[in-house]
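Chemist: here is a sequence with its predicted model. Questions after.
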Amino acid sequence: MSLIASEILPFVTPETQPFWDSVEAERPSIPRCQACQSFYFPPSPVCPKCGSRHIEWAALSGEATLYSFMIAEHPWPEWGSDGPMSVAHVELKEGPRLISTVVDCPQTPAALRIDMPLQATFRLFGDRKMLCFRPTEREGTRS
Ligand SMILES: [Zn+2]
C-alpha cells in the first residue's frame, strides 16, 4: 500500500491552525498557559497541567535536545529524499516534547545521540512546511 502526503499530513484544526501558521512563518509558537506559565503541546484550549482556559501563543526559542529517535528506512519522497529519515522525539527547551526529524546530519544511529543539542529549522514535506531540527554548531565541533 502506498500513501500520499495528503493522507499522512496532520489535519489542521482551529486549535492547531496558529501552530501551522507560525511554522509557515518560521517563527514557531506553541500554547503557554497564562495561569501556570506552562508551555504545552499539542495545542488545546485547556491547559493540561492546571485546567485554565487562559492560553496564549508564545514563540519558541528553537533550542531543543534529542529525547529519542528511530531511523525510518522506508523512503518518503515528500521529504525530497529517497534515503532513510530519522523520526525524532524532541524535547523543547520550553519543556514539551514533539515528534519531528533531525536533518543536516547523516540519518544513522552513529550520527544521532540521545540528549544531543538541536536547533529548530524548517523543511517542506510535500507542500507543507514542517518544524524540523538540526544539530547545533557546538554539536558539530565536538570531537
Ligand atoms: Zn496551566
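Modeler: Perfect, I can see it now.
Chemist: mind listing what Thr16 touches?
Modeler: Pro10, Pro42, Pro43 (CB atoms under 8 Å, 6 or more residues apart in numbering). Just so you know, the C-beta spots here come from the backbone N, C-alpha and C atoms, and that holds for glycine as well.
Chemist: what's the answer for Thr101, then?
Modeler: Per CB under 8 Å, 6+ apart, neighbours of Thr101: Trp79, Met85, Ser86, Val87, Ala88, Arg123, Met130, Cys132, Phe133.
Chemist: so what's Ala35 closest to, chain neighbours aside?
Modeler: Ser52 (3.7 Å; CB to CB, 6 or more residues apart in numbering).
Chemist: from the contacts of Thr101, which land in strands?
Modeler: Met85, Ser86, Val87, Ala88, Arg123, Met130, Cys132, Phe133 (DSSP state E).
Chemist: re the thing from before, nearest to the ion, of the contacts of Thr16?
Modeler: Pro43 (13.6 Å; CB to the ion).
Chemist: and the closest one, what does it touch?
Modeler: Contacts of Pro43 (CB under 8 Å, 6+ apart): Glu15, Thr16, Pro18, Phe19, Ile30, Pro31.
Chemist: kindly report the same for Gly62.
Modeler: Pro28, Gln119, Ala120.
Chemist: any idea how far Val46 lies from Pro117?
Modeler: 32 Å (CB to CB, to the nearest Å).
Chemist: an error on my part: the question was meant for Trp57.
Modeler: 25 Å.
Chemist: so those two - more neighbours on which side?
Modeler: Shown here are Trp57 and Pro117; by other CB atoms under 10 Å, Pro117 has more neighbours (17 against 13).
Chemist: that one against Pro135, yeah?
Modeler: Yes: with contact defined as CB atoms under 8 Å, Pro117 and Pro135 form a contacting pair (7.2 Å).
Chemist: fine by me, thanks again.
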